[in-house]
Each structure stands twice: as structure tokens, then as C-alpha cells.
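*Asks:* coords please:
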Amino acid sequence: MKRFFRWQAPESLASRVFLIYAVSILAFGMTGFGLLMAKRFSKLIEESTHIVQKMVDLSMPTLSSSAVIGDFDTIQRTLDAIVPNSPLKEAVYQDKAGGTITARESSELLAPDWLLASVSSRLPEIHKTVSAGGRDYGELTLHFDATQIANGHWRLVLSMTSFVLLALGAGRGVMRYALRRWLGSFERLQAYEAEVLAGVVNAQAGSSKDAPLEIRQAVALINRTAGSLRAQFGQRIDVLMDTLIQHKNAMDEAAIVSE
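*Replies:* Coordinates of the predicted model:
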């Protein structure tokens, strides 16, 4: 398992940071986004039910008085006023004699089927008895427009998803800029290598002041190590030079004796 993840990991530090950032933000973002949408979905169902209940309470006096005198035209106009621009799909009034008055509003489905099914399962039918003076004159049945509610929630999901993706893209751009600026000190090491290969004895690796502490410490360690190596090599060169001089003197003396 470790070999698998090690093989999958990018080689560069920037790519690894981007990978960790993307996975972390995606996990936390999707979790928070899912919780937010679930809460918003429950609130949307609750608000729709509350709106319809309030509309029914306001319309019941008119429906009751119209049912008493048999004014079905007023009942029709009342139902036609309730259904449009509301979470309702259909409102049906059925009197005791079997007569039915219906007001219907249809909408086109834009949301996926699974969301429509979830909304439909959460929305009950509302049944209200139309009565006056203790006598029942009919029953009012209200059907929620699950398509309209699902479309509204789906549009919210799409807009929030677009915002989240835009935020992730902006965050990635900022992190990319910051990493390039911070890791620029490592690019300066190439110039340092070129100076060393060119024979510059006192070459020093530089780092920007706003670089992270770890990078500045790493560059300082490289400079200290290079200085220590220069000192050691200088001492060894001095020893070799002394040895060569001694050998030269011995060879000169041997040559004189031989002559």
C-alpha cells in the first residue's frame, strides 16, 4: 500500500502541495456543501408547507361562505388565485353532491429525477374540510408542485457549485503564486551551481527575505556546508603543497649527491 501511494505521489514539492490542497479542500468543501444543501432542502420543504398552510387559512373563509350559498364561480376564482405563483400544482374542491372544481398549474422539469423523487416523498397532500355552522359542504385537496420545488433547489445547487468551483480556482491560483514565490530560492541554487562550476571560490547561495523559514534554513545550511568543504579542501591543498615542496627539496638534494 505504501509503495502504491509513493508511486502515485508527484515528484515536485509544488505538485505534492497542490495535491494535498486539492484533496483537503475537496473533502472539506464537499462535506460542508452537502450539509448546507441538505439543511437548505429541509428548510425549503418546511417553507413551502408553511406558505401553503397560510394561503389555505386565508382562503378558507371565502371558500366556506361561497360553499354555503353555492357560489361555485367564486370558489373557482379563489382556487385560481391560490395555485399560480405558489408551491402548489393542483387545488381540487369537491362538494357533497360530487361536483368537482379544479385549478391546475404545470411546470417543466429541469432538476434530475432523483431530486424530484426525493422532493415528492417529502411533500404530503393537504386535505381541508370546508364547513360552516358545523356543517360540512365539501373538501379541499391541495397537491404540491414537486417539480417547481425541485427546480428551485436544483438551481440553488448549480449556483452554489459554480461559486465553490470559482473559489477553489481562485485559491489554487493564489497558492500557485505563493509557492512559486517561496520556492524561487531553490531556483537560485542553479545559479549557485553554475558559479561553483565556473570556479568562483566565494560563491554563496541566496534566498529571498519572504521565503519560508525552512527554505532559508536549508539555504544557510548549504552555505555553511560549502564553506566547511572549502576550508577542508584548502587545508588539504596546503598539506599537499607542503608535501610536494618537501619531495622537490629531497629530489634536488638527491640530484646534487648524484652529480
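
*Asks:* what sits against residue 41?
*Replies:* Residues near residue 41 by CB atoms under 8 Å, 6 or more residues apart in numbering: 118, 153. (Glycine included, C-beta is placed from N, CA and C.)

*Asks:* at 10 Å instead, please
*Replies:* 115, 118, 119, 122, 149, 150, 153, 156, 157 (CB atoms under 10 Å, 6 or more residues apart in numbering).

*Asks:* what's the closest non-adjacent residue to the fourth one?
*Replies:* Read it as residue 122. Nearest non-adjacent residue to residue 122, counting by CB to CB, 6 or more residues apart in numbering: residue 45, 4.9 Å away.

*Asks:* List only buried entries from the contacts of residue 41.
*Replies:* Neighbour counting by 16 or more other CB atoms under 10 Å classes 115, 118, 119, 122, 149, 150, 153, 157 among the contacts of residue 41 as buried.

*Asks:* Skip the chain neighbours and tell me the closest residue to the fifth one.
*Replies:* The shortest distance from residue 149 to any residue that is not its chain neighbour, by CB to CB, 6+ apart, is 5.2 Å, and that residue is residue 119.

*Asks:* do you know how far that neighbour is from residue 151?
*Replies:* 10 Å (CB to CB, to the nearest Å).

*Asks:* And residue 248, by the same measure?
*Replies:* Counting by CB to CB, the gap from residue 248 to residue 151 is 98 Å.

*Asks:* Which one's more surrounded, these two?
*Replies:* Between residue 248 and residue 151, counted using other CB atoms under 10 Å, the more crowded position is residue 151 (19 against 10).

*Asks:* Now do that one against residue 36, distance only.
*Replies:* Residue 151 sits 19 Å away from residue 36, taking CB to CB as the criterion.

*Asks:* Mean confidence (pLDDT) on the helix or strand residue 45 falls within, please.
*Replies:* Here residue 45, judged by DSSP states H and E, is contained in helix 13-69. If you average the pLDDT over helix 13-69, you get 82.

*Asks:* what's the spacing between the next helix or strand after that helix and its chain's center?
*Replies:* The helix or strand immediately downstream of helix 13-69 is helix 72-82, counting by DSSP H and E. Distance of helix 72-82 from the chain centroid (CA atoms, centre = their mean, to the nearest Å) equals 47 Å.

*Asks:* for the record, mean pLDDT for the helix or strand following helix 72-82?
*Replies:* Using DSSP H and E, the next helix or strand after helix 72-82 towards the C-terminus is strand 88-95. The average pLDDT within strand 88-95 is 89.

*Asks:* repeat for stretch 240-253
*Replies:* 83.

*Asks:* ditto for stretch 158-168
*Replies:* Mean pLDDT, stretch 158-168: 83.

*Asks:* ok, and for it, which residues are buried?
*Replies:* residue 164.

*Asks:* Show me what that stretch is in contact with.
*Replies:* Contacts of stretch 158-168 with the rest of the structure, by CB under 10 Å, 6+ apart, involve 21-22, 25-26, 29-30, 32-33, 36-37, 40, 110-111.

*Asks:* out of the residues you listed, which is most surrounded?
*Replies:* residue 111 (21 neighbours).

*Asks:* quick one, phi psi at that one?
*Replies:* Here is the backbone geometry of residue 111 (degrees, to the nearest 10): phi -80, psi 160.

*Asks:* Also residue 109?
*Replies:* According to degrees, to the nearest 10, residue 109 has phi -80, psi 120.

*Asks:* my guess is it contacts residue 154, does it?
*Replies:* Yes. Judged on CB atoms under 10 Å, residue 109 makes contact with residue 154 at a distance of 9.5 Å.

*Asks:* which neighbours do these two share?
*Replies:* Common contacts of residue 109 and residue 154 (CB under 10 Å, 6+ apart): 115, 116.

*Asks:* which one of the two has more residues nearby?
*Replies:* residue 154 (17 against 14).

*Asks:* Sticking with the more buried one, tell me its helix or strand.
*Replies:* Using DSSP H and E, residue 154 falls in helix 146-182.

*Asks:* Relative to residue 167, how far out is the residue lying closest to residue 175 once chain neighbours are set aside?
*Replies:* Computed as CB to CB, 6+ apart, the closest residue to residue 175 that is not its neighbour in sequence is residue 21, at 5.9 Å. Distance of residue 21 to residue 167, given as CB to CB: 13 Å.
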